[in-house]
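> Sequence first, predicted model second:
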Amino acid sequence: MIASQRNGHGPNNLGYRKLFGVLGPSTNTIVQPDFDDMRPYGVTNHYSRIVVDDAQAVSNESFMAGTMEISRNTADAVRGVMTCRPDYLVMGMSAVTFYGGAEGGRRWREQIESLSGVGVSTGAEAVVAALAAYGKPRRVAVVSPYWPAANIEVVRYLADHGYETVRDIPLQCASWTAIAQVTEQRLRAAFHALDGDDVDAIIQVGTNLSAVRFAAAAELWLGKPVIAINTATYWHALRANRIDDRMPGFGRLLSDF
């Protein structure tokens, strides 16, 4: 058990193992409860909202512009959450962490680390770490709530790390809040469309898309890794902080690795 000593006055009463600052768009209603559901005892999550309008992402251009607004406003959310002196930051938004390939993702994380002075888990790097934990299944398929231009960035990022995206589906949600309204029926249809003998693993990105439990169930009926971005990101944050608790119900990442 690792006590959080960063404040210099002994461990926090509730977050005596680690205090996590969680950064997510103000329109996101999924990542906060998802991360809390995966929170082991002695770890606490402290959510800081990246204030953005509910962008009507009805085209490639407006979607990409909306995600860049999120990126620009992240610094204010970082400064806000750092006042509670968290030990580590967990990114509750994923799109921009894939932009610019492996180099772009690394630079983006380093900017946040420089601003905060603590480590950061991002969705993009967490997905790559999750694939490595599963034994590096090379041929993948991707589903997102994004528009095609953002999926291109995800595919590029994965390619930089040696993964071939066989198929991808952008669900093209009409707004940020509409992402949280994607039904399990629509997600199930997407998983079936993505799956095939030529696919070794399925990846879901987009943190406002509710998929942590659905992906865990899909692993059972597809018989292959199904990685939900919120599961991967929180798993990555726990393991980066040497918290090795195993939890059932969220797929093999949290139960086996």
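Yes, it's here.
> Pull out the buried positions in stretch 83-95.
86-95 (16 or more other Cβ atoms under 10 Å). All C-beta spots, glycine's among them, are computed from the backbone N, C-alpha and C.
> Take those and keep only those in strands.
Using DSSP state E, 88-91 are the members of the buried residues of stretch 83-95 that sit in strands.
> Stretch 185-201 - what's its average pLDDT?
Averaged over stretch 185-201, pLDDT sits at 96.
> Quick one: end-to-end distance for it.
End-to-end span of stretch 185-201 (Cα to Cα, to the nearest Å): 20 Å.
> so how far is it off the chain centroid?
Distance, stretch centre to chain centre, for stretch 185-201: 20 Å (Cα atoms, centre = their mean, to the nearest Å).
> ok, and what's touching that stretch?
For stretch 185-201, the external contacting residues (Cβ atoms under 8 Å, 6 or more residues apart in numbering) are 131, 134, 137-143, 166-169, 171, 202, 204, 209, 211, 214, 218, 222, 224-227.
> Narrow those residues to just the buried residues.
131, 134, 137, 140-143, 167-169, 171, 202, 204, 209, 211, 214, 218, 222, 225-227.
> quick one: which of the residues you listed sit in helices?
By the criterion of DSSP state H, membership of these in helices covers 131, 214, 218, 222.
> Without its sequence neighbours, what residue ends up closest to D256?
R246 (7.3 Å; Cβ to Cβ, 6 or more residues apart in numbering).
> right, I mislabeled it, should have said R17
G42 is the one closest to R17 (Cβ to Cβ, 6+ apart), at 3.7 Å.
> picking up where we left off before, quick one: which of the ones in strands among the buried residues of stretch 83-95 is nearest to M38?
Set against M38, the nearest of these by Cβ to Cβ is V90 (10.5 Å).
> Contact partners for that closest one?
20-23, 35, 45, 120-121, 233-234, 237.
> Can you flag which of the buried ones among the contacts of stretch 185-201 belong to strands?
140-143, 167-169, 202, 204, 226-227.
> now those residues in TSV, with distance to A180?
Shown next, in TSV, are those (distance: Cβ to Cβ, whole Å):
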residue	distance to A180
V140	24
A141	22
V142	19
V143	15
R167	24
D168	21
I169	18
I202	20
Q204	14
V226	20
I227	19
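> where does the residue nearest to D256 land in three-state SS?
coil (DSSP: H, G, I helix; E, B strand; the rest coil).
> Likewise for the one 3 residues further on?
Secondary structure assignment for G249 (three-state DSSP): coil.
> what separates the spatially closest residue to it that is not a sequence neighbour from G42, distance-wise?
Nearest residue to G249, sequence neighbours excluded (Cβ to Cβ, 6+ apart): A216, at 6.3 Å. Distance, A216 to G42, by Cβ to Cβ, to the nearest Å: 23 Å.
> Repeat that for S71.
From S71 to G42 the distance is 32 Å (Cβ to Cβ).
> Now stretch 236-256: average pLDDT?
Per-residue scores along stretch 236-256 average to 96.
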